[in-house]
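**Q** Provided below are the primary sequence and the corresponding predicted coordinates.
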Amino acid sequence: MNDYQRPPTLHRYGLRAELELALSTGQFKLQPENGFLTLSFSTAWNRGLFDVLGPADSCLVIHNTEEFGERLHRAVQRALPNWAGIDGQVEYGIRSRLGSAFSRPISDAREKEWKFAWRSLAPHTSLNPVTVRIGSIEQFAELRTPESYPA
């Protein structure tokens with residue numbers, strides 16, 4: 001179990017078609033990064049991130065991050081039984097205690113990233129993108145556009 005608190009909301013900036021699938025079916029693609037499979041979010045609702053994290057025309061806002069995180073970890077555990085998962089805040093300009101997947105240059109600090117990451121327990125495992133589905137998250141998430149950001 002986690003000894004930390006997930007942020008109150010998570011934001012995933014992206015293209016509407018991809019985010020609609022995430023909302024309706026809970027479909028997310030884990031990407032290889034630094035020896036992990038990862039899925040990144042921002043803890044910030046920031047109009048500027050549509051450009052920084054783009055191409056993005058929508059933002060998936062998750063309001064129940066605990067439910068989301070637990071469902072995501074369960075789905076990945078089913079898909080990748082010999083993998084260990086963790087999620088946490090990315091550290092900028094320093095080495096994170098969670099490892100290289102959670103360490104980024106200070107120049108990326110405005111992203112305020114929260115990352116989910118999994119590492120294989122078997123040595124020399126090849127890393128390929130993996131798609132998981134956690135079921136609809138419509139009861140605790142919504143899609144927003146850049147125009148819905150307060151001026």
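**A** Now that the structure is in, tell me what you want to look at. The shown structure was predicted, so the numbers you read here are calculated from the model rather than taken from an experiment.

**Q** report the beta-bridge partners for the spatially most central residue of the chain.
**A** For the chain, residue 40 is the residue whose C-alpha lies nearest the centre (CA atoms, centre = their mean; 2.9 Å). In this entry, residue 40 is beta-bridged to residue 115, by DSSP bridges.

**Q** continuing past the helix or strand of the chain at the bottom of the mean pLDDT ranking, what's the next helix or strand?
**A** Least confident helix or strand of the chain, by mean pLDDT, DSSP states H and E, is helix 49-52 with a mean of 88. Proceeding N to C from helix 49-52, the next assigned helix or strand is strand 58-62, under DSSP states H and E.

**Q** can you list the buried residues in the helix or strand just after that next one?
**A** Note on strand 58-62: by DSSP H and E, the next helix or strand toward the C-terminus is helix 65-79. Of the residues in helix 65-79, 65, 67, 68, 69, 71, 72, 73, 75, 76 count as buried by neighbour count, 16 or more other CB atoms under 10 Å. For every residue, glycine as well, the C-beta is placed using N, CA and C.

**Q** what packs against helix 65-79?
**A** strand 83-89, strand 113-120, strand 130-133 (3 or more CB pairs under 8 Å, 6 or more residues apart in numbering; DSSP states H and E).

**Q** export those strands to CSV and tack on mean neighbour count, mean pLDDT and distance to residue 140?
**A** Below are the helices and strands packed on helix 65-79 laid out as CSV (neighbours: other CB atoms under 10 Å; pLDDT from 0 to 100; distance: least, CB to CB, whole Å):
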stretch, mean neighbour count, mean pLDDT, distance to residue 140
strand 83-89, 18, 96, 17
strand 113-120, 21, 96, 16
strand 130-133, 15, 96, 16
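
**Q** in CSV: those, plus distance to residue 17.
**A** Converted to CSV, those look like this (distance: least, CB to CB, whole Å):
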stretch, distance to residue 17
strand 83-89, 25
strand 113-120, 22
strand 130-133, 15
